[in-house]
Every structure is written in C-alpha cells, then in structure tokens.
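**Q** Here is my input, please return the structure:
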Amino acid sequence: MFWVLLLLLAWAVAGTACTRLCLAAVRTAAADADAGRGHDLTLYEAAFLSGGPARVADLTLVSMARQRRLLLAHTGWATVVDPRGRDEMERSVIGAIGPDGQSRIAPVRSAAADTDAVRSLGEELVRAGLAVPDAAARTTVASGVRQVRAAALAVLGLGAAALTLPAPTGMPRDLVAVWFALPLTLTLSCLAIARIEVHPYSRWASPAGQRLLGVLHRRANRAADDQSLLASVAVRGIRAIGEPELRAAFAHRDQLPRP
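**A** Okay, here's the model as predicted:
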C-alpha cells in the first residue's frame, strides 16, 4: 500500500525536524546557563546587542555631542570640537570624520560602524555567549522552528496526496487521515511548546544578552541622569533622544549630501 510509504515519509520528516529543534533548544539552554553571569554590560556592549554596529556608532556620536566634544548640527553635519578620543570608539568616529574635522553624519556613522574596534567588541560578546554568532544561524532554535513549520506543511501535503490515492482495501479514508494526523500533531505540539517556552531571539543578542539588556533598561528607567539617557539610546536607539536639535541632526543621517 503506497499510502503507508507516504505515512512513513511523513513521520521521518516530522521526527527529524522536531529532533533538531529539541537538540538546538538543549544546546542553547546549556550554553545560556552560565553566559553573562556576573557581567555588567557597558553602554557600547548594550548598543551592539540592541542594534549592532550601527547602534554603537550612534551611541558614540550622541555621547560625544552631549559632552560638547562633537557638534551635531540639525542640518546633518558633524564637527569635531575635541580631537582627542577617550576610547577606541571615539577615536574611530573622529577618524571617520576626517582631517578637516567636519563631515556629514551618514558616512561617519557607516565608517565608524565598520571599524576594527566595533568588530572586536562583537567578537568579545560572541565569546562571552551574549551575542549571536553569524555562523550559527543553522543551529539556532529559530532555524529549528522554521524547519518544524516546513515539516508540518510537508505532512499536510503527504496526507493530502495519500487521500487522493485509490482507497486501500478494508481501510476507510477517515482512518488514513487519522494516521497522518499523528505526525501533524507532533509538529504542531513542538511549535506550540517552542512559542511558550523558548526565549524570543533577536538579530544580535543571545537570550543571556537579552536578559542583561532588560536589567540595564530597567535601571535606566529608574534613574534620570545623563548615563540613563545614554543607556536608553543604547537600548532603544536615537528615538530615545529628547533634544529636538539632536534628533533633527540624526534625521539627516541617511540622506545623501547635496551636490
């Protein structure tokens, strides 16, 4: 009976996808158990985990502007006031502005986000288990969930194909449908459990990194000093900036300079 072969294929597809999802969840839980323990995020680390290299560049620009060491005009230009950078990120921004001491924000932001300092920061966060490595996309729980979804659709397709075949002798079609409903139930149950139990993944931060970001965000909400504002910028981006002129400066960041 050909429908039995289709049923076995459906079980193989569903079982393989669900097993991969479970193994990915176990590996992630094991790696996440000790990651970030006793680690306090710096603002640069929080910016990277929240928005990647571009967010680090934005945070550096805002930090220097609030210290009056960099002027960000509402027209979208950045001007160096103090050419002495206090850390690698600030020196990267100053270097991106160039020897003339003035440049538009968009190219400065792009160049500063692509420096060795930002790449080193990301690598350190990956080693600490706080950031998601680019090469691990296939082993993440999110990838496993996508595979289980595809398996559920495959089981539906195989079941539909089996029901279109001539009815097997002594086997009601309803009973055939019930047999295919079992692997379908397995895949749907795995998806339901993953939705409830698995921590949502972001593009940059691992679950451990997201927990530390939550701690930093709560601290920033309770405080009202300059550091809390910078923490909000690191976590939420430039929309957390309160000064209208500074927000206007970043509103020009993605526009091309006029000829």
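**Q** Provide a list of residue ranges in this structure with pLDDT below threshold.
**A** The chain contains residues with pLDDT under 70 at 1, 29-38, 134-139, 167-170, 197-202, 220-225, 252-259.
**Q** Check which residues of stretch 228-239 are buried.
**A** Across stretch 228-239, burial judged by 16 or more other CB atoms under 10 Å covers 228-235, 237-238. For every residue, glycine as well, the C-beta is placed using N, CA and C.
**Q** Switch the residues you listed over to CSV; also include distance to L246.
**A** Listed next are the buried residues of stretch 228-239 as CSV, based on distance: CB to CB, whole Å:
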residue, distance to L246
S228, 16
L229, 11
L230, 12
A231, 16
S232, 13
V233, 10
A234, 15
V235, 17
G237, 13
I238, 8
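**Q** for the longest helix along the chain, the distance to its chain's centre please.
**A** Secondary structure assigned by DSSP state H gives helix 2-34 as the longest helix of the chain. The chain centroid and the centroid of helix 2-34 are separated by 24 Å under CA atoms, centre = their mean, to the nearest Å.
**Q** So which elements touch that helix?
**A** helix 141-164, helix 173-197, helix 207-222 (3 or more CB pairs under 8 Å, 6 or more residues apart in numbering; DSSP states H and E).
**Q** Name all residues that make contact with L229.
**A** Shown in contact with L229 (CB atoms under 8 Å, 6 or more residues apart in numbering): 66, 220, 240-242.
**Q** Compare the residues you listed and tell me which is most surrounded.
**A** Counting neighbours by other CB atoms under 10 Å, A220 leads these with 23 neighbours.
**Q** Of the helices and strands packed on helix 2-34, which is nearest M89?
**A** Checking the helices and strands packed on helix 2-34 against M89 by CB to CB gives helix 207-222 as the closest, at 17.5 Å.
**Q** got the angle between that closest one and helix 2-34?
**A** Angle of helix 207-222 versus helix 2-34, following axes from the mean of the first three to the mean of the last three CA atoms, to 10 degrees, is 50 degrees.
**Q** Can you mark which positions in helix 207-222 are buried?
**A** 207-213, 216-217, 220.
**Q** One more: stretch 157-169?
**A** Neighbour counts over stretch 157-169 (16+ other CB under 10 Å) mark 158-159, 162 as buried.
**Q** follow-up on the earlier one: mind putting the buried residues of helix 207-222 into JSON lines with distance to L8?
**A** Listed next are these as JSON lines, based on distance: CB to CB, whole Å:
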{"residue": "P207", "distance to L8": "36"}
{"residue": "A208", "distance to L8": "40"}
{"residue": "G209", "distance to L8": "42"}
{"residue": "Q210", "distance to L8": "40"}
{"residue": "R211", "distance to L8": "42"}
{"residue": "L212", "distance to L8": "46"}
{"residue": "L213", "distance to L8": "45"}
{"residue": "L216", "distance to L8": "51"}
{"residue": "H217", "distance to L8": "50"}
{"residue": "A220", "distance to L8": "55"}
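**Q** What is the nearest of the contacts of L229 to A152?
**A** Using CB to CB, A240 is the member of the contacts of L229 that lies nearest A152, at 39.7 Å.
**Q** Isn't that closest one up against V233?
**A** Yes. Counting by CB atoms under 8 Å, A240 sits close enough to V233 to count as a contact (4.9 Å).
**Q** Just the ones of the contacts of L229 in strands?
**A** Nothing among these maps onto strands, per DSSP state E.
**Q** Can you pick out the most distant pair from the residues you listed?
**A** Farthest apart among the contacts of L229 by CB to CB are R66 and A220. That separation is 14.8 Å.
**Q** Quick check: P53 is in a helix.
**A** Yes. P53: assigned to a helix according to DSSP: H, G, I helix; E, B strand; the rest coil.
**Q** pretty sure it contacts D114?
**A** Yes. At 6.8 Å, P53 counts as touching D114 under the criterion of CB under 8 Å.
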